[in-house]
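Chemist: need a structure here:
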Amino acid sequence: KIPIIFHRNTQCSSKKIKYINWHENIEILRITQGEGSVVCGKKLLDVAADDLFVINANTVHAIISGSFLQYDCMIIDRSFAFNKLLFQSCIQDSSLLLLFDRICDVITLQKPPLLLDVNAALLPFLCMLYHKYAKTIPEEMTAQKKSDPIQAALLFIKENLSKHLTLESISAAAGISKYHFARKFRNITGFSPME
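Modeler: Residues are numbered from 1 along each chain as shown. So this is what the prediction gives:
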């Protein structure tokens, strides 16, 4: 009933990617303790305490901790946020951190959180994020992101986990040859498709 998903996470010494994800929503991480890295598409970016990290919509991503990493994760529903924008990834802005923490307080202290209170906390955060850290996505990039074969494969895998999956069926869902797909999948995710 509220336009965000919120959860707190802790990871301990996992230098290997454990979970690769993507979705059509913007995801924002607020690093509370420790340090680690975020894999965003083909980039590996370091994060530490008091960083905000924006994972743009339709971006394949994963989180890796060096020794210890604690963070709050907020996924904003795409119908509530901006569709044709890209945001700067790693943000160090104490004003934006305070607004993010306000949203966390509303969600964690109210049981259940009231939609009006969540929206009242979320809107100032999104406005500042938009005005200070957004840029327009070129139209050709929007079409390219929607047709990304790795995203199509990840969605297919997610929807068919209970079935027997083969390299042929996954690459067919991605719309490319199995040999090209296997190479591209390993380059982006660090795993073979069967792993």
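Chemist: correct me, but residue 189 touches residue 22?
Modeler: No: look at residue 189 against residue 22 with CB atoms under 8 Å: they stay out of range, at 10.4 Å. In short, each C-beta sits where N, CA and C put it, glycine included.
Chemist: may I ask which helix or strand encompasses residue 120?
Modeler: Using DSSP states H and E, residue 120 maps to helix 115-133.
Chemist: can you list the weak-confidence ranges in this protein?
Modeler: For the chain, the stretches with pLDDT under 70 are 14-18, 80-84, 136-147.
Chemist: one more pass at 50, please.
Modeler: Where the chain drops to pLDDT under 50, the residues are 140-147.
Chemist: which residues in it form helices?
Modeler: 94-109, 115-133, 139-146, 149-159, 167-174, 178-189 (DSSP state H).
Chemist: list the contacts for residue 23?
Modeler: Listed by CB atoms under 8 Å, 6 or more residues apart in numbering, the contact set of residue 23 reads 57-58, 75.
Chemist: now do it against residue 118, distance only.
Modeler: 19 Å (CB to CB, to the nearest Å).
Chemist: repeat for residue 79
Modeler: Residue 79 is 14 Å from residue 118, where distance means CB to CB.
Chemist: which one of those two has more residues nearby?
Modeler: Neighbours were counted for residue 79 and for residue 118 using other CB atoms under 10 Å; residue 118 has more, 20 against 9.
Chemist: how far away is the more buried one from residue 6?
Modeler: Distance of residue 118 to residue 6, computed by CB to CB: 9 Å.
Chemist: number of nearby residues for the residue nearest to residue 181 when sequence neighbours are not counted?
Modeler: Leaving out its chain neighbours, the residue that sits closest to residue 181 by CB to CB, 6 or more residues apart in numbering is residue 171, at 3.9 Å. Using other CB under 10 Å, residue 171 has 23 other residues around it.
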